[in-house]
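Participant: The following comprises the amino acid sequence and a computationally predicted model.
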Amino acid sequence: MADESGSVTVPGADDGQPQGRRARRGRRGRKDKKQRPFWQELPILLVIAAVIAALMVTFVGRPYVIPSQSMEPTLHGCAGCTGDRIYVQKLSYYWGDPKPGDVVVFVGPDSWNTHYRSIRSDNPVVRGVQNFFSFFGLVPPDENDLVKRVIAVGGQTVECCDEQGRVLVDGKPLDEPYVEDDFPWVPGQKNASYPVGRVFGPITVPEGNLWVMGDNRNESADSRAHVGDELQGTVPVDNVRGKAVFKIWPPGRIGPVRAQDPQTN
């Protein structure tokens, strides 16, 4: 405040003690405030980590395990080998739909789930614990999650084959260097239909749906195996959980999962 002479004074600025002594006393006072022991802070840190993990799993992406050989050699899952662990991100499909060549994880439509058995325990307590940890990405979700490559999208017509045995989309042959172990093809002769041969279609993919196939063609029960269902073997875009972008395990297989559009050749 101002005194009668017009000068400004600060309350407490002159209490008869040297300024250095006041500063030392202030530092001692701050040191007297004890930090919490780590064991008291640990629960708070765990809750924060759990919330972050749940948000990541819900909105960003999560890991999945490849249990079958249908995507060999792109993704390993052969009998007796260590199945690839892949990271599947969701962000790409917030602003657009899957594109031809994307490797996607999706929930199988009804006709794809006839052989699926729940991976949850029959014990209600254990099942509850499994469901809880699944929310944080530590346990797989209890659903029939499959991984395939997008071949055609809504409005396109897919079939096989041309004279060279190639899959056609809207009458144009695809370039598919990723394909492994396809059924035999005899040029100029009658060839067998799937599942003992390549021939299928033509199928026009409904809008909002996808035609998907495995890279390991004769080991993949993909869209071709379900053409008799109400969706003609296609998968709704709404069933897609995300895009496979990276192999995270085992160490010798760590690396990106590349999308390769077969319709650009």
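Facilitator: Happy to help now that I have it.

Participant: What separation do you get for the residue nearest to residue 178 when sequence neighbours are not counted and residue 40?
Facilitator: Spatial nearest neighbour of residue 178, chain neighbours left out: residue 215 (4.9 Å); criterion: CB to CB, 6 or more residues apart in numbering. Placement of C-beta: from N, CA and C, glycine included. Using CB to CB, to the nearest Å, we find residue 215 at a distance of 52 Å from residue 40.

Participant: List the contacts of the nearest residue to residue 166 once chain neighbours are set aside.
Facilitator: Excluding its sequence neighbours, the residue lying closest to residue 166 (CB to CB, 6+ apart) is residue 173, at 4.0 Å. Contact analysis of residue 173 by CB atoms under 8 Å, 6 or more residues apart in numbering lists 162, 164, 166-167, 265.

Participant: What are the boundaries of the helices in the stretch 1-150 of the chain?
Facilitator: Under the criterion DSSP state H, counting those that start in this stretch, helices of the stretch 1-150 of the chain are mapped to 19-32, 38-55, 124-134.

Participant: Worst mean pLDDT among these?
Facilitator: Mean pLDDT values for the helices of the stretch 1-150 of the chain show the minimum at helix 19-32, a mean of 54.

Participant: Could you give the bridge partners of the residue nearest in space to the middle of the chain?
Facilitator: Centrality entry for the chain: nearest residue to the mean C-alpha point is residue 88, 1.9 Å, by CA atoms, centre = their mean. With DSSP bridges as the criterion, residue 88 is bridged to residue 62, residue 244.

Participant: what's the spacing between residue 54 and residue 163?
Facilitator: To residue 163, residue 54 is 53 Å away according to CB to CB.

Participant: Look at the two and report which has more neighbours.
Facilitator: When residue 54 and residue 163 are compared for neighbours, residue 54 comes out ahead with 13 against 9, by other CB atoms under 10 Å.

Participant: quick one: low-confidence parts of the stretch 151-265 of the chain?
Facilitator: Along the stretch 151-265 of the chain, the parts satisfying pLDDT under 70 run over 265.

Participant: All the strands of it, in order from the start?
Facilitator: Taking DSSP state E, counting those that start in this stretch, the strands of the stretch 151-265 of the chain run over residues 157-160, 167-169, 172-173, 200-204, 209-213, 235-236, 240-249, 255-256.

Participant: what does the fifth one contact?
Facilitator: Residues from elsewhere that reach strand 209-213 (CB under 8 Å, 6+ apart): 98, 104, 106, 148-154, 156, 158, 167, 203, 205, 220, 222-224, 231, 233-237, 240.

Participant: How about stretch 249-259, which residues are buried there?
Facilitator: 257, 259 (16 or more other CB atoms under 10 Å).

Participant: Start and end of it, how far apart?
Facilitator: For stretch 249-259, the first-to-last residue distance is 19 Å (CA to CA, to the nearest Å).

Participant: What lies in contact with that stretch?
Facilitator: 74-76, 82, 84-86, 99, 101-103, 243-248.

Participant: do the same with stretch 191-208
Facilitator: So stretch 191-208 is contacted by 152-161, 165, 182-185, 211, 217, 221, 223-225, 227, 231-234, 236-238 (CB under 8 Å, 6+ apart).

Participant: And that stretch, what's buried?
Facilitator: 191, 194, 197-201, 203-205.

Participant: quick one: stretch 211-228 to chain centroid distance?
Facilitator: 20 Å (CA atoms, centre = their mean, to the nearest Å).
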